[in-house]
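S.K.: Here is a sequence together with a model predicted from it:
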Amino acid sequence: MKITINYTKVFAAILLISMGACKSEFDNITIKRFALDEDQSQVLQGLADIEKAIITDWSTFTDSLKNSTKRFIASPSANTLADVQTKWKQARDPWESNESFGFGPVGNDGIDGNTDDWPMDINSINSILASNQTLNAQFVSQMATNTRGFHAIEYLLFGRNGAKTFGDFSTREYQLINLLVADLKSQSDLLKTRWIPNVANSFYDDFKNGGQGNSSYPTAATALAEVLGAMTDIMTELPDAKIEDPLTKQSIDYLESRFSDYSYHDFRNNITGVLVAYSGKYGNVVADKSISNLVAEANPAVNDKVLTQFKLCLALYDLIQPASMNQGIFTRQNQLRDLQDELRKLNQLLSVDVTSVLGIGE
């Protein structure tokens, strides 16, 4: 059944809950310049604290996944399998919310590749399971990145069609799942360690001290540009690859978390993660000054437009029902195309308007 959505009404409703100064047309915005190092340093401090909170959550949830995996292996049942599958999803949430911090240790220490390489190589996983290869931590550490991390675990836990039962697991699968989950936990702990303040080689300190002599960032603006670059990277990848590929090819094989049918939540976490970085708010952690504050002080109209566009994108996303991207690429094609358009507009605002207001990248 085709659902027709009046996006004009959706947008109007969003505008009503936006700030009073928000207007519905922003085509003739005059960009003002604003790049005070002291204010930007405050933003860096807030962003560092937010990142520390996100990866602390990730470490906590990967620990829960590890413990749940051990319980499942010790006592396989429908309940213990359901629990470990839920724990996988919970560990996934902070990771996908963290795309706006996809720089520094995430890339330099190989954490991103070891954690989230996709599409994963199903044939290689099956070959490992069918072989006589000794399975241990050393072997896992040398496996190709597209055979380890979130999606290899997902494939083993949920099965190719997402219908795996507790009776479908072999002894080799138990062994490999246990090792892969332990490896994922080690990746989360490594990232958490790199963002510990006031220790040797602390990336937390390096980032928040941008522009000071003890930082590898020559200015606060260069550190801030790292975040804005990561924000626009995921806001490019989401509409142009993560949604575009499975939608155009009409195949769930191109969806990132297809085995668990969790791509819908992945994508929403990508959007809210960018909003977290922009607004400086994550759970109970609220930055004293955010990117949004900097933009609002320089040009309130630009900030209003960005925040309104975030609300529009999230509202349109939440209208894509059911919450299944495995189904949505077939049944919600028009809505997904509309969402892509709005996500690209948001990315344009972040990559052009916001960076121009802040005088970054020039």
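M.R.: Yep, that arrived. Since the structure is predicted, the reported quantities are computational estimates derived from the model, not experimental observations.
S.K.: Now do Asp39: how many residues are near it, please.
M.R.: 17 (other CB atoms under 10 Å). Every residue, glycine included, has its C-beta placed from N, CA and C.
S.K.: and what of Lys249?
M.R.: Around Lys249 there are 11 residues (other CB under 10 Å).
S.K.: so what's the nearest residue to Glu99 once chain neighbours are set aside scoring on pLDDT?
M.R.: Spatially, and ignoring its direct neighbours in sequence, Glu99 is nearest to Ile234 (3.9 Å; CB to CB, 6 or more residues apart in numbering). On the pLDDT scale, Ile234 is placed at 97.
S.K.: in which helix or strand would I find Ile234?
M.R.: Per DSSP states H and E: Ile234 is located in helix 220-237.
S.K.: OK, contacts around Ser263?
M.R.: Residues in contact with Ser263 (CB atoms under 8 Å, 6 or more residues apart in numbering) are 242, 255-257, 325-326.
S.K.: Kindly confirm whether my reading is correct that Trp118 touches Asn146.
M.R.: Yes. Counting by CB atoms under 8 Å, Trp118 touches Asn146, with 7.1 Å between them.
S.K.: And the pLDDT at the one residue sitting closest to the centre of the chain?
M.R.: Nearest to the geometric centre of the chain sits Glu96, at 2.4 Å (CA atoms, centre = their mean). Glu96 carries a pLDDT value of 98.
S.K.: Would you enumerate the residues in contact with it?
M.R.: Contacts for Glu96 (CB under 8 Å, 6+ apart) come out as 265-266, 269-270, 273.
S.K.: and which of those residues is nearest to Phe61?
M.R.: The closest of those to Phe61 turns out to be Asn269 (CB to CB; 12.6 Å).
S.K.: got the residue ranges for the strands in this protein?
M.R.: 281-282, 285-286 (DSSP state E).
S.K.: Tell me which strands the last one pairs with, and in which orientation.
M.R.: Spelled out, it's strand 285-286. Strand 285-286 sits in its sheet next to strand 281-282 (antiparallel), going by DSSP bridges.
S.K.: what comes into contact with the strand it pairs with?
M.R.: Against strand 281-282 from outside (CB under 8 Å, 6+ apart): 50, 53-54, 276, 287, 290.
S.K.: Specify the stretch among the strands of the chain that is closest to Leu343.
M.R.: Nearest to Leu343, of those and by CB to CB, is strand 281-282 at 20.5 Å.
S.K.: Quick check: Ala225 vs Gly273, distance?
M.R.: 18 Å (CB to CB, to the nearest Å).
S.K.: Please apply the same query to Ser292.
M.R.: 15 Å.
S.K.: just the helices in the stretch 151-300 of the chain please.
M.R.: Ranges of helices in the stretch 151-300 of the chain, per DSSP state H, counting those that start in this stretch, are 171-194, 203-208, 220-237, 244-249, 263-279, 291-298, 300-318.
S.K.: Using a markdown table, lay out the ones you listed together with distance to Thr134.
M.R.: Putting the helices of the stretch 151-300 of the chain into a markdown table (distance: least, CB to CB, whole Å) gives the following:
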| stretch | distance to Thr134 |
| --- | --- |
| helix 171-194 | 10 |
| helix 203-208 | 35 |
| helix 220-237 | 37 |
| helix 244-249 | 37 |
| helix 263-279 | 34 |
| helix 291-298 | 49 |
| helix 300-318 | 45 |
